[in-house]
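K.L.:
The following block contains a protein sequence and its predicted model.
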Amino acid sequence: VQLVESGGGLAQPGGSLRLACAASGFAFSIYRMRWYRQGPGKERELVAGIDADGGGLEYADSVKGRFTISRDNAKNTMYLQMNSLNPEDTAIYYCYAARFLKSFRIGNDYWGQGTQVTVSS
């Protein structure tokens with residue numbers, strides 16, 4: 001099982017980045033996917049989530065209107081389009097996969113290794 005994030009890097013304030021999470025080794029199309037991030041000295045926090053069928057979108061208040069989560073089940077890949085970046089978005093971004101039955105997680109869950117996003121002028 002692998003979740004491999006890519007697309008991180010350095011962006012200027014107001015700029016954009018697009019993260020990707022490539023999945024392999026499990027049935028990606030039936031898993032709910034999420035992006036989390038952990039900034040320097042901060043707790044890991046949920047950024048965005050998307051259901052297996054592409055619905056059920058959720059976003060942290062801090063990124064609403066700026067970030068867009070999406071997925072392509074044919075490519076086993078999830079994306080995070082990040083616009084209007086600001087220094088507070090600096091963090092390691094992780095992708096996460098899990099299955100849920102109602103509000104309960106079932107079976108195994110998986111984490112990627114993370115990709116660094118730095119927003120600075």
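P.N.:
Right, received. Where do you want to start?
K.L.:
pull the longest strand from this protein.
P.N.:
Determined from DSSP state E, the single longest strand within the chain is strand 91-101.
K.L.:
Does the residue positioned nearest the centre of the chain belong to a helix, a strand or coil?
P.N.:
Centroid check for the chain by CA atoms, centre = their mean gives residue 35 as the closest residue, at 2.3 Å. Following DSSP: H, G, I helix; E, B strand; the rest coil, residue 35 is assigned to strand.
K.L.:
Excluding chain neighbours, give the residue nearest to it in space.
P.N.:
What sits nearest to residue 35 in space, not counting adjacent residues and going by CB to CB, 6 or more residues apart in numbering, is residue 47, at 4.3 Å. The way it works is simple: take the backbone N, C-alpha and C, and place the C-beta from them, glycine included.
K.L.:
who does the closest residue to residue 39 other than its chain neighbours bridge with?
P.N.:
Leaving aside its chain neighbours, residue 39 sits nearest to residue 91 (4.0 Å; criterion: CB to CB, 6+ apart). Assessed by DSSP bridges, residue 91 has beta-bridge partners residue 117.
K.L.:
which residue packs closest to residue 48, ignoring adjacent ones?
P.N.:
In space, residue 48 is closest to residue 69, 4.0 Å off (CB to CB, 6+ apart).
K.L.:
quick one: that neighbour is in a strand?
P.N.:
Yes - counting by three-state DSSP, residue 69 is located in a strand.
K.L.:
What separation do you get for it and residue 95?
P.N.:
Distance of residue 69 to residue 95, given as CB to CB, to the nearest Å: 10 Å.
K.L.:
Look at those two and report which has more neighbours.
P.N.:
residue 95 (27 against 21; other CB atoms under 10 Å).
K.L.:
Looks like the more buried one contacts residue 6 (just checking).
P.N.:
No - in this structure residue 95 lies outside contact range of residue 6 using CB atoms under 8 Å: 10.2 Å.
K.L.:
Mutual contacts of these two, please.
P.N.:
residue 21 (CB atoms under 8 Å, 6 or more residues apart in numbering).
K.L.:
coming back round to it: tell me who's in contact with the residue nearest to residue 48.
P.N.:
Counted by CB under 8 Å, 6+ apart, residue 69 has contacts 33, 35, 48-50, 57, 59, 78-81.
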